[in-house]
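Enquirer: sequence first, predicted model second:
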Amino acid sequence: MDKWCCETVEELDVAIGRYGPGILYRGQTEHYAGADDQPSLSTSFQRHGCVPDLMIKWTYYAKMALQHLVRGWKETDDAGTNQAILQHYGFRSFFLDASGDPRVAAWFASNRFESENVINVVEDCFEDPVWLRTLNARFVSAEEVGHL
C-alpha cells in the first residue's frame, strides 16, 4: 500500500487519480495500524467489544427512535440498517464505513468524532423530575493530519 502525504488539494487529486474508478475509500483522523504497519480495518465491536444484552436493548430503542425522528422511516426489523445509521452517533456495530467518493472519506479524515456524557433533568409522565444521562456526540475539525 502506497503512503502519500498530500499538502494541497491538487496533490490529493493526483494521488486519488492513480487508482481509477471502483475504489472504496475510508477516512480517519488516526492511523490504526496492524502489526505490519498497514491500515487496520477493525469495526467498533472488534475495538471495544460487544455487550449482547445492551445491544438487544439498543436495537429496540434505535428502531423506535428512527421511526419517530426520521421522516418517511418505515417500520422494519432490519437491525443492520439501524446499526449502520446509529454507528455515526457512537453506537457499536459490525460495520466499517467506506465510500466510493473520496471527498466523503476526506471529510471523515479531517473531522474528529467527540462525545461526552451529560446529565439533563426531564419530567416523566407524572411530571416528576428524572435525571437523564445522555451521550452528546458531534464531529469537530481535526487539528492533526488525516488518513485516507
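Expert: All right, it came through fine. Residues are numbered from 1 along each chain as shown.
Enquirer: okay, and the beta partners of the closest residue to Asp124 other than its chain neighbours?
Expert: Leaving aside its chain neighbours, Asp124 sits nearest to Val130 (5.0 Å; criterion: C-beta to C-beta, 6 or more residues apart in numbering). Yep, even glycine has a C-beta here, placed from its N, CA and C like the rest. Counting by DSSP bridges, Val130 is bridged to Val122.
Enquirer: same check, this time on the one 5 residues further on
Expert: Counting by DSSP bridges, Leu135 forms beta bridges with Asn117.
Enquirer: returning to what we had before: pull the contacting residues for the residue nearest to Asp124.
Expert: 121-124 (C-beta atoms under 8 Å, 6 or more residues apart in numbering).
Enquirer: what residue in this protein is the furthest from its centre?
Expert: Phe126 (36.3 Å; C-alpha atoms, centre = their mean).
Enquirer: and the residue nearest the centre of this structure?
Expert: His88 (3.4 Å).
Enquirer: am I right that it sits in a helix?
Expert: Yes: judged by DSSP: H, G, I helix; E, B strand; the rest coil, His88 forms part of a helix.
Enquirer: and the helices in the chain?
Expert: 9-17, 44-48, 52-69, 79-86, 102-110 (DSSP state H).
Enquirer: quick one: buried residues of the last one?
Expert: Residues 102, 105-106, 108-110 are the ones in helix 102-110 that count as buried (16 or more other C-beta atoms under 10 Å).
Enquirer: between those residues, which sits nearest Asn117?
Expert: Phe108 (23.4 Å; C-beta to C-beta).
Enquirer: isn't the closest one up against Ala98?
Expert: No: using C-beta atoms under 8 Å, Phe108 is not in contact with Ala98, being 10.0 Å away.
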